[in-house]
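[1] Following is a predicted model, sequence given first.
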Amino acid sequence: MIAARWQCKLRPSRLACGCLCAWLVAAVPGVILMTLPVGGWLIKTPVILLMLAEGWRCYRRLIRRHGTLQRESVHCWIWQGKRWRPTQPLRWLPIGVLLVAKSEQGAALRWWLMQDNMQPDEWRALRASCFSKARH
């Protein structure tokens, strides 16, 4: 039996952006409050700047994740016109699923698809298509 093809129009995840901001809000003061010997600011300042730069890079990557995502089969996803083959089984949490895949050109994709990336009915349909007995 062939499972119906799943697709949805993704939007940036507010939950993922919120988790990123919460991580930065907790980590930056943690670095500031670290006790270091005299001249510790020489270590703290670059660490804080690196954390903020990485946070900004992650945020920009998160807001660029929008568009149509399709699941052709267990072994084929289509994102931004490229075919992706999962290299690991999907890892499910109640709020998201981790998709680790490789394109035909060799590019790697490691992506948390969050529940709020899509409409509730699209999330339910994705879970149903992934957990159904007919996997091919």
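    That came through, no problem.
[2] Can you name the residues that contact the residue nearest the centre of the chain?
    Centrality entry for the chain: nearest residue to the mean C-alpha point is Trp112, 2.8 Å, by C-alpha atoms, centre = their mean. By C-beta atoms under 8 Å, 6 or more residues apart in numbering, the residues touching Trp112 are 13, 16, 96-99. Where C-beta positions appear, they are placed from N, C-alpha and C, glycine not excepted.
[3] wait, which of those residues is closest to Arg65?
    Lowest distance from Arg65 to the contacts of Trp112 (C-beta to C-beta) belongs to Ser13, with 7.5 Å.
[4] Retrieve the pLDDT associated with the residue in the chain sticking out farthest from the centre.
    The outermost residue of the chain relative to its centre, with distances by C-alpha atoms, centre = their mean, is Val38 at 39.7 Å. With respect to pLDDT, Val38 scores 77.
[5] Now for Leu62, how many residues are close by?
    Neighbours of Leu62 under the rule other C-beta atoms under 10 Å: 19.
[6] Look at Trp56 and say how many residues are nearby.
    As a burial measure, Trp56 scores 12 neighbours (other C-beta under 10 Å).
[7] ok, Arg71 to Leu36 distance?
    Distance of Arg71 to Leu36, computed by C-beta to C-beta, to the nearest Å: 49 Å.
[8] quick one, which of those two is more surrounded?
    Arg71 (22 against 11).
[9] Spatially, which residue comes closest to the more buried one, not counting chain neighbours?
    Leaving aside its chain neighbours, Arg71 sits nearest to Trp6 (4.3 Å; criterion: C-beta to C-beta, 6 or more residues apart in numbering).
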